[in-house]
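K.L.:
predicted model and sequence follow; I will ask about them next.
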Amino acid sequence: MNDAGRQVPGHTRPRPKPRHPAPPLSGRLVAESRDTISVRVAEGIWTLDRDDVLQLRDESPDSGTGAAERAVLVWIRPGATADFTQRRRIQLTERPLTLPPRPSPAVGDELLARLTDQWARKLDLAPAPGAAGATVSYSQTRSGGGSDDGTACDSLD
């Protein structure tokens, strides 16, 4: 039997490939040169090589090309490399300038705190008032041969 004359329902027809493989970066154009463009987003500024930009378009058609920090949409080629800059407040101290590590996703997790409390109660561990989340544990072993080994573990939860 020949299916060549059979109609194919519309929902099974192949869809055309989208013009761009990913949604655009939406932000404000803050700098533009022959080689790079810089786009401000809420978290910081992306600086992209022009060769990695597939398309740059004003987000609203009525925005003038001379407007400072005009709203734009930027389509970027897959595999592009970009610089990302964030504004940070600096406090001067005796230490060198460093960025703090990002907090663990578990910090402030109430379920984790409840489970820790349950675990501590099962082991008859008394909470140390005023420790503000600092815990210290020490394990010591003594053998008949005279060795005395120990391990200490400090933790800031």
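P.N.:
Arrived safely, thanks for sending.

K.L.:
three-state assignment of residue 111?
P.N.:
Judged by DSSP: H, G, I helix; E, B strand; the rest coil, the three-state class of residue 111 is helix.

K.L.:
what's the answer for residue 117, then?
P.N.:
Following three-state DSSP, the label given to residue 117 is helix.

K.L.:
pLDDT score for it?
P.N.:
Listed pLDDT for residue 117 reads 77.

K.L.:
what of residue 70?
P.N.:
For residue 70, the pLDDT comes out at 91.

K.L.:
how about residue 34?
P.N.:
pLDDT recorded at residue 34 is 95.

K.L.:
that one belongs to a strand?
P.N.:
No - Residue 34 is assigned coil when assessed by three-state DSSP, not a strand.

K.L.:
run a quick neighbour tally on it.
P.N.:
Using other CB atoms under 10 Å, residue 34 has 5 other residues around it. (Glycine included, C-beta is placed from N, CA and C.)

K.L.:
for residue 37, grab the count of nearby residues.
P.N.:
Neighbour count of residue 37, defined by other CB under 10 Å: 20.

K.L.:
can you pull the contacts of it?
P.N.:
Contacts for residue 37 (CB atoms under 8 Å, 6 or more residues apart in numbering) come out as 29, 31, 47, 48, 50, 53, 56, 74.

K.L.:
same list (those residues) but as JSON lines, adding neighbour count.
P.N.:
Shown next, in JSON lines, are these (neighbours: other CB atoms under 10 Å):
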{"residue": "29", "neighbour count": "21"}
{"residue": "31", "neighbour count": "12"}
{"residue": "47", "neighbour count": "16"}
{"residue": "48", "neighbour count": "21"}
{"residue": "50", "neighbour count": "12"}
{"residue": "53", "neighbour count": "18"}
{"residue": "56", "neighbour count": "18"}
{"residue": "74", "neighbour count": "20"}
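
K.L.:
tell me which of those fall in strands.
P.N.:
Under the assignment DSSP state E, the contacts of residue 37 contribute 29, 31, 47, 48, 53, 56, 74 to strands.

K.L.:
so what's the first one up against?
P.N.:
Neighbouring residues of residue 29 by CB under 8 Å, 6+ apart: 37, 38, 39, 40, 56, 69, 70, 71, 72.

K.L.:
surely the second one meets residue 45?
P.N.:
In this case it means residue 38. Yes - Residue 38 is within contact range of residue 45, at 5.4 Å (criterion: CB atoms under 8 Å).
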